[in-house]
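*Asks:* Coordinates for the following, if possible.
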Amino acid sequence: MSATETQAISTAVDYIKAPLLYKGKVREIYDLGEHFLIVVTDRISAFDYVLSPAVPDKGNVLNQISKFWFEETAAIQPNHVVHTDVEKLEAAGLLHEGAADVLKNRFMVTKKAQRIDIECVVRGYITGGGWRQYQKTGQINGIDLPQGLRKNERFPEPLFTPAAKNDVGHDEDISFARMEELVGADLSAELRDKSIRLYEYAHEYCAKHGIILADTKFEFGLVDGQVILIDEVFTPDSSRFWAQEKYAYDIEIDGMDKEPVRTYLSQSDWDKNSEPAPLPAHVVEETTKRYRDILNRLTGGRN
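*Replies:* Reported below is the predicted structural model:
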């Protein structure tokens, strides 16, 4: 099925009988009283702009990947998922007519956690923003690194490089010491250890499926004093995936995500300071293909 044969969903407000609490670049959060309803739309962003048109199937893929990983890692890390059963939403009278088919693969009902305002980033390879920091300072988030590392080289051990969450603009890279000042030493150590354990688990899983998990980021929250995993997990929007056959040093590796969009925008005459023109159809279709491919490779058709 091509991208043009699948309807893209830019918002879910016309399908849900519940108050909209928050509209992010991709996700929408609705208030169900005791729980949240999180819907993943097909909106796509790059360089801090939400682009048009939306990318068909993107939300379905992101939600199904998160669902897969939340189930896969539940034994080692509790998470916020309550259920993903659209029939329960219908039975509770929360959906407008015809909404079930649209929403069935793109939502989660979750616990209401108190978000910890730290983005927990784990890097297994020196690339992206970490590589740029290293080139300038020889460090990443204040961590001294050996000289002579090559772009995309794997670290002997994963690095935990946190960021302070900002609801507007970019998150701020911080040192672990600064994280301790913000949330306390005990919680910082717990989040670091949980993040690295999750990364190592997923890195090993991905390797068995021909994929390298280069880096990823997590969000955690508190429910009754317990740390749980929230938001999304190991998706192409929160992680850097490389096909093993494309791995090499000293190059920009083509990622298994929205790379067609970033490439198109970087090669266009867009100034990155104004609303971009709509994406061409072939870029949208290739992006849908990328998202479907990573879902199939990760889950083996179990979605």
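
*Asks:* P158 is in what secondary structure piece?
*Replies:* Using DSSP states H and E, P158 falls within strand 154-160.

*Asks:* what mean pLDDT does the next helix or strand after that strand have?
*Replies:* Proceeding C-terminally, strand 154-160 gives way to strand 163-164 as the next helix or strand, assigned by DSSP H and E. Here strand 163-164 scores 96 as its mean pLDDT.

*Asks:* how much distance is there from strand 163-164 to the middle of the chain?
*Replies:* Relative to its chain's centre, strand 163-164 lies at 15 Å (C-alpha atoms, centre = their mean, to the nearest Å).

*Asks:* So which elements touch the very next helix or strand once past it?
*Replies:* Following strand 163-164 in sequence order, the next helix or strand is strand 172-173 (DSSP H and E). With contacts defined as 3 or more C-beta pairs under 8 Å, 6 or more residues apart in numbering; DSSP states H and E, strand 172-173 has these neighbours: strand 163-164. For every residue, glycine as well, the C-beta is placed using N, CA and C.

*Asks:* Which strands border the strand it packs on, and is each parallel or antiparallel?
*Replies:* strand 118-125 (antiparallel), strand 172-173 (antiparallel) (DSSP bridges).

*Asks:* any chance of these in CSV, plus distance to T161, mean neighbour count and mean pLDDT?
*Replies:* Shown next, in CSV, are the strands paired with strand 163-164 (distance: least, C-beta to C-beta, whole Å; neighbours: other C-beta atoms under 10 Å; pLDDT from 0 to 100):
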stretch, distance to T161, mean neighbour count, mean pLDDT
strand 118-125, 5, 23, 98
strand 172-173, 7, 15, 93
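
*Asks:* wait, which of those is closest to R262?
*Replies:* R262 lies closest to strand 118-125 among these, at 18.5 Å (C-beta to C-beta).

*Asks:* List of residues touching that closest one?
*Replies:* Strand 118-125 is contacted by residues 130, 140, 152-155, 158-165, 171, 179, 182-183, 188, 191-192, 194-196, 198-199, 203, 212-220 when judged by C-beta atoms under 8 Å, 6 or more residues apart in numbering.

*Asks:* angle of the strand holding P158 against strand 118-125?
*Replies:* 180 degrees (axes from the mean of the first three to the mean of the last three C-alpha atoms, to 10 degrees).

*Asks:* re the thing from before, between the strands paired with strand 163-164, which gets nearest to V81?
*Replies:* Closest approach to V81 among those (C-beta to C-beta): strand 118-125, 18.3 Å.

*Asks:* from the chain's centre, how far out does the closest one sit?
*Replies:* Using C-alpha atoms, centre = their mean, the offset of strand 118-125 from its chain centre is 12 Å.

*Asks:* W242: which of the strands paired with strand 163-164 is closest?
*Replies:* So among the strands paired with strand 163-164, strand 118-125 is nearest, using C-beta to C-beta, at 8.4 Å.

*Asks:* where exactly do the helices run in the stretch 1-150 of the chain?
*Replies:* Shown for the stretch 1-150 of the chain, the helices assigned by DSSP state H, counting those that start in this stretch span residues 58-73, 86-91, 99-103, 128-137.
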